[in-house]
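Student: everything below, folded, please.
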Amino acid sequence: MILGILKEPQDESRVAFLPEAVKTLQTWNVTVWVEKGAGTKAYAADEIYQSSGAEIVSRKELLSKADLIIGIQPISEEEISSMKPDAVLMGQLNALFNPKLTNYLIDNNRSAFSMELVPRTTRAQAMDVLSSMATVTGYKAVLMAADLLPRFFPMFMTAAGSITPARVLILGAGVAGLQAIATAKRLGATVFAFDVRQAAKEEVLSLGAKFVDVEGAKEDKGAGGYAVEQTEEYLQKQKDTIHEHAIKADVIITTAQIPGRKAPLLVEERTVRNMKPGAVIIDLAASSGGNCALSEPDKTIDINGVRIVGVGNLAAQMPQDASKMYGKNYLNFLKLIIKEGELNLNFEDDIVTGTCVCHKGKPVSPRIIQIKTN
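Tutor: A predicted model of the protein is given here:
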């Protein structure tokens, strides 16, 4: 079996596998092809892949001859059509948010796995690319905020007087939020964190942050660790509480998202307009609607001296370790579907089923079937 590693688009610096993964794949009797220049932006030259046992090929050859084609970002319909009829595509295809691509794969009898569909279960944790990239994103978001903030994060006692620590508010205490809390604490900030899930409170407190409590949240144990939609009464109480904390904050980092839905609005326009000049908002949910009313995807805007950064693909700014984590997630998943050097798709495995967009044109993931039947 030939496994092909694609070069990502111009604005993506990560790569699905670094050279270190090639050796592992070869022990599984898998032949590895790498598109020329695939790892350059992640500081992995073609020569390093070759020394690890991979063959460097053109994109055209890889797409037309590989049995399993792996990347990160989705590829075009034209390129999918150039794949072998029985080839399998794997990447972060955003299958729930990109119905045009999903329908194309189904209508053209293709087989594909979308890694953001990996179930949020204990057994699947080692394959969860969303959690891995959220770790990178939470870390980088704090460093970005520290760079933009016109004052120090930590407290200083100097001959020129005392500098009080920056006040940081983290909205959403999932993987990205918890990493942001830990990083902000390491930098010496005073950190407050909010999450609708009471289960997150203990984790927030364990990292040394203060938990912002809003009573009355609705929770769903079947939501896979994500937040769920709330009542209007709770949402208003939530906005008022966040407003009170936000107008005192130097930095706000928002991370709250609901799978398949628009990101919840947490920071209202009135809040932004009442914040301190020089304050910074990093909105990690900007691409799915934004947690801040005024954020725009991939743009930095200034409202009365408050800078709002609508973050896009922040994980790509740390390509080496992000690629390493991505590759490890992929390898852990591939263990389930590669046996003796060949693809062996066991659809009785809930992880395989949950991650598979379609197989030979038939929708497989329950989440894909649900949106196709609605």
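Student: my read is that residue 293 contacts residue 266, right?
Tutor: No. Residue 293 lies out of contact with residue 266 (C-beta atoms under 8 Å); the separation is 9.0 Å. In short, each C-beta sits where N, CA and C put it, glycine included.
Student: list the contacts of the residue lying closest to residue 81 once chain neighbours are set aside.
Tutor: Take residue 81 and drop its neighbours on the chain: the residue closest to it by C-beta to C-beta, 6 or more residues apart in numbering is residue 108, 7.0 Å away. Counting by C-beta atoms under 8 Å, 6 or more residues apart in numbering, residue 108 makes contact with 80, 81, 361.
Student: likewise for residue 82?
Tutor: 60, 63, 64.
Student: how many residues are close by the second one?
Tutor: Applying other C-beta atoms under 10 Å, we find 23 other residues in the vicinity of residue 63.
Student: which stretch of helix or strand covers it?
Tutor: Using DSSP states H and E, the element containing residue 63 is helix 59-65.
Student: from the chain's centre, how far out does that helix sit?
Tutor: 28 Å (C-alpha atoms, centre = their mean, to the nearest Å).
Student: remind me what whichever helix or strand comes after that helix packs against, helices and strands.
Tutor: Note on helix 59-65: by DSSP H and E, the next helix or strand toward the C-terminus is strand 68-70. Here strand 68-70 touches strand 2-5, strand 88-91, going by 3 or more C-beta pairs under 8 Å, 6 or more residues apart in numbering; DSSP states H and E.
Student: next one: the helix or strand just after the first one to chain centre, how far?
Tutor: Past strand 2-5, further along toward the C-terminus, the next helix or strand under DSSP H and E is helix 19-27. A distance of 25 Å separates the C-alpha centroid of helix 19-27 from that of its chain, computed with C-alpha atoms, centre = their mean.
Student: the very next helix or strand once past helix 19-27 pairs with which strands?
Tutor: Beyond helix 19-27 on the C-terminal side, the first helix or strand identified by DSSP H and E is strand 31-35. For strand 31-35, the paired strands and their directions (DSSP bridges) are strand 2-5 (parallel), strand 55-57 (parallel).
Student: pLDDT below threshold where in the stretch 151-300 of the chain?
Tutor: 217-230, 259-260 (pLDDT under 70).
Student: picking up where we left off before, which one of the contacts of residue 82 is nearest to residue 282?
Tutor: residue 63 (36.8 Å; C-beta to C-beta).
Student: list phi and psi for the residue nearest to the closest one when sequence neighbours are not counted.
Tutor: The spatially closest residue to residue 63, leaving aside those adjacent along the chain, is residue 82, at 4.9 Å (C-beta to C-beta, 6+ apart). The phi/psi pair for residue 82 (degrees, to the nearest 10) reads phi -90, psi -10.
Student: list just the nearest of the contacts of residue 82 to residue 76.
Tutor: residue 63 (10.4 Å).
Student: quick one: the closest one from residue 7, how far?
Tutor: 11 Å (C-beta to C-beta, to the nearest Å).
Student: do residue 319 as well
Tutor: 13 Å.
Student: overlap in contacts of those two?
Tutor: With C-beta under 8 Å, 6+ apart as the test, residue 319 and residue 7 both reach residue 15.
Student: neighbour count for those two, which is higher?
Tutor: Neighbours were counted for residue 319 and for residue 7 using other C-beta under 10 Å; residue 319 has more, 23 against 19.
Student: got the contact list for the more buried one?
Tutor: So residue 319 contacts 13, 14, 15, 41, 42, 43 (C-beta under 8 Å, 6+ apart).
Student: want to throw those residues into JSON lines with distance to residue 131 and neighbour count?
Tutor: Shown next, in JSON lines, are these (distance: C-beta to C-beta, whole Å; neighbours: other C-beta atoms under 10 Å):
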{"residue": "13", "distance to residue 131": "20", "neighbour count": "20"}
{"residue": "14", "distance to residue 131": "16", "neighbour count": "28"}
{"residue": "15", "distance to residue 131": "19", "neighbour count": "33"}
{"residue": "41", "distance to residue 131": "23", "neighbour count": "19"}
{"residue": "42", "distance to residue 131": "20", "neighbour count": "26"}
{"residue": "43", "distance to residue 131": "24", "neighbour count": "13"}
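Student: quick one: the helices in this structure?
Tutor: 19-27, 46-51, 59-65, 77-81, 99-107, 129-148, 175-186, 199-206, 232-246, 269-273, 319-337, 350-355, 366-373 (DSSP state H).
Student: indicate which one of those helices is closest to residue 286.
Tutor: Among the helices of the chain, if distance is taken as C-beta to C-beta, the winner is helix 129-148, at 11.4 Å.
Student: hmm, residue 99 and residue 371 touching each other?
Tutor: Yes. Counting by C-beta under 8 Å, residue 371 does reach residue 99; the two are 7.3 Å apart.
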